[in-house]
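Peer 1: Structure, please.
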Amino acid sequence: MSANIEKQTETKEVSVWDKLIRISMKEAGVAIALILILAFFSATAPYFATPENFLKIFVQIAINTVLAAGMTFVILIGGIDLSVGSLLALCTVIGATIMINPAFSPWQAIVLACLASMGTGAALGAVNGWICEKWKLPSFIVTLGMLNVASGLARVVSDNSTITGLPQPFVDFGNLIFWGIFPSIFLIAIVVVLVGWFVLRYTVFGRFVFAIGTNEEAVRLSGHQPKRYKIAVFTISGLTAGIAAMVYLLRLNVGSPVAGIGYELNAIAAVIIGGTSLSGGKGSIIGTLVGACILQVLSTGLQLLGADDNIKPIVIGAVIVLAVILDSYRGRLMRILETR
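Peer 2: The predicted model follows:
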């Protein structure tokens, strides 16, 4: 009897340990990492733990959070989208061009600009997905091509110049701060994340996104067409690029054909650091939000510590590589736990 009790106790301890490992492998583990980083910089960096600094961080992560939300969908199916930065640039100049058109009232211009920006992003995202599926091409190559196409179109539309003079109501909304710490553009990013979380967690479409990333052939054999879902995923990525373009205009009040350079890499980094697997099928959009926060907190904290500008990309790059390495070990560890 004593042996049975000891065995049950040992089994219970192993079960608790397994649960702790599973939690650490998911969003909670990334959140714990963010809390530790916040605690470190709060203790070491002057003026880090101040409302003004957190306001600055929220402003700076808004654009990347929106882009990364759409990128999460793409990476979950095992794809990649390198075009979102250039799509953002194209959508900013289209939106800004419409908003300064004197033929429209300020509110008409704002509504039309939002629709045009999101519509352009979604349409070109759908083109990415359609080309990938029509000719069975790697998304890396297709979106790399779209990166150059969108960049060129942005320069053509803007005549290689920045566009200023946006409507005052639009500028005023971009400057709004709620509860003394949350800028309006950050709240837009949170809404995008929450919508994405709901879609992935509670809809049939979301379940198919995970299923395609896990085993696309199984989805096909079950009688469903992955093609439609994959095109929809790239459309969502393009749509979020259009939304991010409007966030960019709200923040900087200028449409620029060179906006968004390198933004696609920051978005991918946020997704990977947030725990989404590059091989697809595993991850969450809440983790992506935390990943975007980690990137910006690291950048801001290092700046306040007086780190050289050349050091910051080294540290952030090392964190990205570490996240990818941990992802490979996480997959192995989860498979071991599932066999118990």
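Peer 1: only C-alpha atoms for contact and neighbour calcs from this point on.
Peer 2: Will do.
Peer 1: which residue packs closest to P51, ignoring adjacent ones?
Peer 2: I181 (6.3 Å; C-alpha to C-alpha, 6 or more residues apart in numbering).
Peer 1: and if you look at A323?
Peer 2: That would be I273: by C-alpha to C-alpha, 6+ apart, it lies 5.3 Å from A323.
Peer 1: Pull the contacting residues for that neighbour.
Peer 2: Contacts for I273 were tallied using C-alpha atoms under 8 Å, 6 or more residues apart in numbering; they are V30, G287, T288, G291, V319, I320, A323, V324.
Peer 1: Look at the second one and give its secondary structure.
Peer 2: Going by DSSP: H, G, I helix; E, B strand; the rest coil, the secondary structure assigned to G287 is helix.
Peer 1: how many neighbours does it have?
Peer 2: 25 (other C-alpha atoms under 10 Å).
Peer 1: Give the other helices and strands that the helix or strand harbouring I32 contacts.
Peer 2: Secondary structure from DSSP states H and E places I32 in helix 27-44. Packing partners of helix 27-44 (3 or more C-alpha pairs under 8 Å, 6 or more residues apart in numbering; DSSP states H and E): helix 285-304.
Peer 1: Point out where the stretch 101-250 of the chain drops to low pLDDT.
Peer 2: The model of the stretch 101-250 of the chain has no residue with pLDDT under 70.
Peer 1: which SS class is the spatially most central residue of the chain?
Peer 2: Note on the chain: the residue nearest the mean C-alpha position is A68, at 0.9 Å, using C-alpha atoms, centre = their mean. Three-state call for A68 (three-state DSSP): helix.
Peer 1: That one and A122, how far apart?
Peer 2: In this view, A68 and A122 are 15 Å apart by C-alpha to C-alpha, to the nearest Å.
Peer 1: just P138 next, same as before
Peer 2: Applying C-alpha to C-alpha to P138 and A122 gives a distance of 19 Å.
Peer 1: Pick out whichever of the two has more residues nearby.
Peer 2: Between P138 and A122, A122 has the larger neighbour count (other C-alpha under 10 Å), namely 25 against 13.
Peer 1: Hmm, the more buried one is touching I243, no?
Peer 2: No: the criterion here is C-alpha atoms under 8 Å, and A122 misses it with I243 at 9.8 Å.
Peer 1: Would you map the helices across the stretch 201-340 of the chain?
Peer 2: For the stretch 201-340 of the chain, applying DSSP state H, counting those that start in this stretch gives helices covering 204-221, 226-252, 263-273, 285-304, 311-338.
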